[in-house]
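S.K.: The following comprises the amino acid sequence and a computationally predicted model.
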Amino acid sequence: MILQSSAAYSATEFGPSYDLYASRPYDKVEVTLVFEYGATDWLTLIAAPQFLYVSFGDPSPSSYTGPGYQDVGARMRLWRDESSVVSAQVVGRFPGTGNSQSAAAVGYEDPELDLRLLYGLSFTMFGKAAFLDVQLAQRMRFGRPPDELHLDVTLGWRVVERWQLLAQSFSVISEGAGTGPYFGDSYEYYKLQMGAAYDLSAAVTLQLSVVGTVFARNAPQENGVVLAAYYRF
């Protein structure tokens, strides 16, 4: 079980030529509770309800507070050896915003299907345990937004017995443009997230990270903080 919260702020945006300029400011908070349960030694069931808060500033203030995406799916192990594993994951994402009629809920109003291939590797780095997690996903978005290609990479390194350093990257590339005033252009953005995780006990791990958009096209430049608690049962 993972309780993850992120708070982000943006007042600038990357344009079509990757140039950065001032834009309407906004704040965003996402809180997601992820349940993962091993139904068998090769099949994991997934459910992840989300709470969302988004607030846009002038010149056209708007806000949304309420349910975000509600995820339901499963992950299946395809192959493994002593140090690596390959899995496939299918998750349906159902919007909880309803007909909010708020511009702040744009991007959270249409169902999505996430088809994901995952690769995990355990190894040693400078004599310390480490892992690499690579996830490639086809995000099918129904409605006005375009489909997206996602690439998520995590490198973890256990520097001492209870501490891990985490370096993560999140890349999103739209597959063309969507429709409507908010999705009329294609886009791409690349985020870096750096942080650490501490094993409070054998069952509980706490994480603190900072995240920011380092490069993008037709997308906001976000900076924020991520807090997470992991409980193994």
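M.R.: Alright, I've got the coordinates.
S.K.: what bridges to the most centrally placed residue in the chain?
M.R.: Centroid check for the chain by C-alpha atoms, centre = their mean gives residue 170 as the closest residue, at 7.4 Å. Counting by DSSP bridges, residue 170 is bridged to residue 152, residue 191.
S.K.: neighbours around residue 36, how many?
M.R.: Neighbour count for residue 36, taken as other C-beta atoms under 10 Å: 14. In this view, the C-beta of every residue, glycine as well, is placed from N, C-alpha and C.
S.K.: The helix or strand where it lies: partners in the sheet, and parallel or antiparallel?
M.R.: Using DSSP states H and E, residue 36 maps to strand 20-38. Looking at strand 20-38 with DSSP bridges, its partner strands are strand 2-14 (antiparallel), strand 43-48 (antiparallel), strand 50-56 (antiparallel).
S.K.: mind checking which helix or strand residue 74 is in?
M.R.: Counting by DSSP H and E, residue 74 is found in strand 69-80.
S.K.: Which positions within that strand qualify as buried?
M.R.: Of the residues in strand 69-80, 69, 71, 73, 74, 75, 77 count as buried by neighbour count, 16 or more other C-beta atoms under 10 Å.
S.K.: just checking, what packs against the helix or strand following it?
M.R.: Counting by DSSP H and E, the next helix or strand C-terminal to strand 69-80 is strand 84-95. Applying 3 or more C-beta pairs under 8 Å, 6 or more residues apart in numbering; DSSP states H and E, one finds that strand 84-95 makes contact with strand 43-48, strand 69-80, strand 112-125.
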